[in-house]
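Participant: The amino acid sequence is not available; the structure is as follows:
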């Protein structure tokens, strides 16, 4: 589409495109867990892909990788690196999850103004729900940072996989 034919995007449209970039960066990095599974479980990439795709949440996939790294056959330094990399992935995942699993609230002019988290937090004698966050430049900056952090993490994971000779191509 020629630039002159591009639609005039609203601020919310631009925000949604940014969330889309975050999702793309997340998915690209999460797929590297297949290589961790293959290397740690000592299986080929095809088998690791089946395992990865059978687990239907990022949390389950990361838990599996961390648990595999804790097997006695994995060297201590390698284990520490796997856990450090996957822990960083989990922290970035919280940001992705926030914008994928929230309600967007709009004002009377149909402009999104804030998100409402769709999570219930149990307290001792009460529940807390609906944490609200304004959609502002700080929000956008946080998403840009998460995208940059995922890029850095992606490169660090590839360096780890190469260093430890984990499977990198389908056999």
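Facilitator: Good, I have the coordinates. Bear in mind that the values here come from a model prediction, so they are computed numbers and not experimental data.

Participant: If you count contacts, what does the helix or strand that contains residue 154 end up packed against?
Facilitator: Per DSSP states H and E, residue 154 falls inside helix 137-163. Judged by 3 or more C-beta pairs under 8 Å, 6 or more residues apart in numbering; DSSP states H and E, the packing partners of helix 137-163 are helix 11-30, helix 33-41, helix 76-100. C-betas here are computed from N, CA, C, even on glycine.

Participant: One more pass at 7 Å, please.
Facilitator: Under the contact criterion of 3 or more C-beta pairs under 7 Å, 6 or more residues apart in numbering; DSSP states H and E, helix 137-163 touches helix 11-30, helix 76-100.

Participant: any chance of these in CSV, with mean neighbour count, distance to residue 45 and mean pLDDT too?
Facilitator: Converted to CSV, the helices and strands packed on helix 137-163 look like this (neighbours: other C-beta atoms under 10 Å; distance: least, C-beta to C-beta, whole Å; pLDDT from 0 to 100):
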stretch, mean neighbour count, distance to residue 45, mean pLDDT
helix 11-30, 15, 15, 92
helix 76-100, 16, 17, 95
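
Participant: looking at the ones you listed, which is closest to residue 141?
Facilitator: Nearest to residue 141 among the helices and strands packed on helix 137-163 is helix 11-30; the distance by C-beta to C-beta comes to 10.4 Å.

Participant: and that closest one, what other elements does it pack with?
Facilitator: If you count contacts as 3+ C-beta pairs under 7 Å, 6+ apart, helix 11-30 packs onto helix 76-100, helix 137-163.

Participant: how far off helix 137-163 does the first one point, in degrees?
Facilitator: What separates the directions of helix 76-100 and helix 137-163 is an angle of 150 degrees, with axes from the mean of the first three to the mean of the last three C-alpha atoms, to 10 degrees.
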